[in-house]
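J.: Pasting a predicted model and its sequence here:
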Amino acid sequence: MLLTDTHTHIYYHAGTNKLQEYLQRCLDNHIERLFLPNVNSASIKPVFDTVAAYPEHCFPMLGLHPCDVKENYIDELNNIQKSLENNKVHAIGEIGLDLYWDKSTLEIQKDAFRTQVQWAKDLNLPIDIHCREAFTELFELLEELHDEKLFGILHCFTGTLEQAQHAIDLGFALGIGGVVTFKKAGLDNVVREIDLKHIVLETDAPYLAPVPYRGKENESSYLVYVAQKVADLHAMSIEEVAEITTANSKRIFGI
């Protein structure tokens, strides 16, 4: 069995013993591929330090998180773009829109998103999208930017079946994480209806730990709980879920 965590911030522990412990627990649970989303210019170094330490298991992305799109966002984008010119990455991310924390930055969030989508198109890379309380605005942007070069993952998907289908129609896979294990979230009912060819698995560690660790620090080894829940919803084995979702991740990331 080979599982892929398509979105983990395990690099927050770069240079510590915790990183080695976390990664070993991943390997013990057959999670051998971890994709690391960047959030701002300060996180570039820990991302690549982690990749350098575990090049067979950790794979980098570069992008500016929407919550880090502030007055200095042009400088942030320039710094990230310079790193992009000097490093191999497998996606532009995480990028997107977040109206939960700050609605006042929507226009510059959109501008940063457009810029980074163009990077992805120029480099033939997928994008890894963060969307929180902004589905309407995000879909308007994706419709505007839609072409054969735009593809990727809608990370930490928690929307409706209609929103899921809209994302799929636009060429995106759905990143399913710990929320699918939450009893009252309703995501389980959506995931049950989605063909697994459109799903990849993720943890978003250290956030959104699945049941039975809900409310505690998440880690990538907990991906097995997400995979098992998806397997239960689709009445198949966890091994089958691992095979299908890892194949999907290879198709998207090209590795």
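T.: The structure has been received and is ready for your questions.

J.: the longest helix in the protein is where?
T.: Taking DSSP state H as the criterion, the chain has its longest helix at helix 106-123.

J.: next one: that one to chain centre, how far?
T.: In terms of Cα atoms, centre = their mean, to the nearest Å, the centre of helix 106-123 is found 17 Å from the chain centre.

J.: immediately after that helix, which helix or strand?
T.: strand 127-132 (DSSP states H and E).

J.: List of residues touching the very next helix or strand once past that next one?
T.: Remark: after strand 127-132, the chain's next helix or strand is helix 135-145, criterion DSSP H and E. Under the contact criterion Cβ atoms under 8 Å, 6 or more residues apart in numbering, helix 135-145 has outside partners 96-97, 99, 106, 110, 113-114, 117, 129, 131, 150, 159, 163, 166-167, 170, 172. Heads up, the C-betas are built off the backbone N, CA and C, glycines and all.

J.: One more: stretch 225-240?
T.: Identification of contacts with stretch 225-240 by Cβ under 8 Å, 6+ apart yields 1, 3, 176-178, 180-181, 188, 191-192, 196, 199, 201-203, 210-213, 224, 241-242, 245.

J.: follow-up on the earlier one: who does the longest helix of the chain touch, helix- and strand-wise?
T.: Applying 3 or more Cβ pairs under 8 Å, 6 or more residues apart in numbering; DSSP states H and E, one finds that helix 106-123 contacts helix 73-86, strand 92-98, strand 127-132, helix 135-145.

J.: before we move on, the earlier item: out of the contacts of stretch 225-240, which sit inside strands?
T.: In strands, defined here by DSSP state E, the members of the contacts of stretch 225-240 are L3, I176, I199, L201.

J.: would a markdown table of those residues with neighbour count and pLDDT be doable?
T.: A markdown table is the format used below for these (neighbours: other Cβ atoms under 10 Å; pLDDT from 0 to 100):
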| residue | neighbour count | pLDDT |
| --- | --- | --- |
| L3 | 26 | 98 |
| I176 | 31 | 98 |
| I199 | 23 | 98 |
| L201 | 27 | 99 |
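
J.: Out of the helices and strands packed on helix 106-123, which gets nearest to G63?
T.: strand 92-98 (4.3 Å; Cβ to Cβ).

J.: Show me what that closest one is packed up against.
T.: helix 106-123, strand 127-132, helix 135-145, strand 152-154.

J.: Dump the ones you listed to TSV, plus distance to K250, mean pLDDT and mean neighbour count.
T.: TSV is the format used below for the helices and strands packed on strand 92-98 (distance: least, Cβ to Cβ, whole Å; pLDDT from 0 to 100; neighbours: other Cβ atoms under 10 Å):
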stretch	distance to K250	mean pLDDT	mean neighbour count
helix 106-123	18	98	18
strand 127-132	15	98	25
helix 135-145	23	97	17
strand 152-154	13	98	27
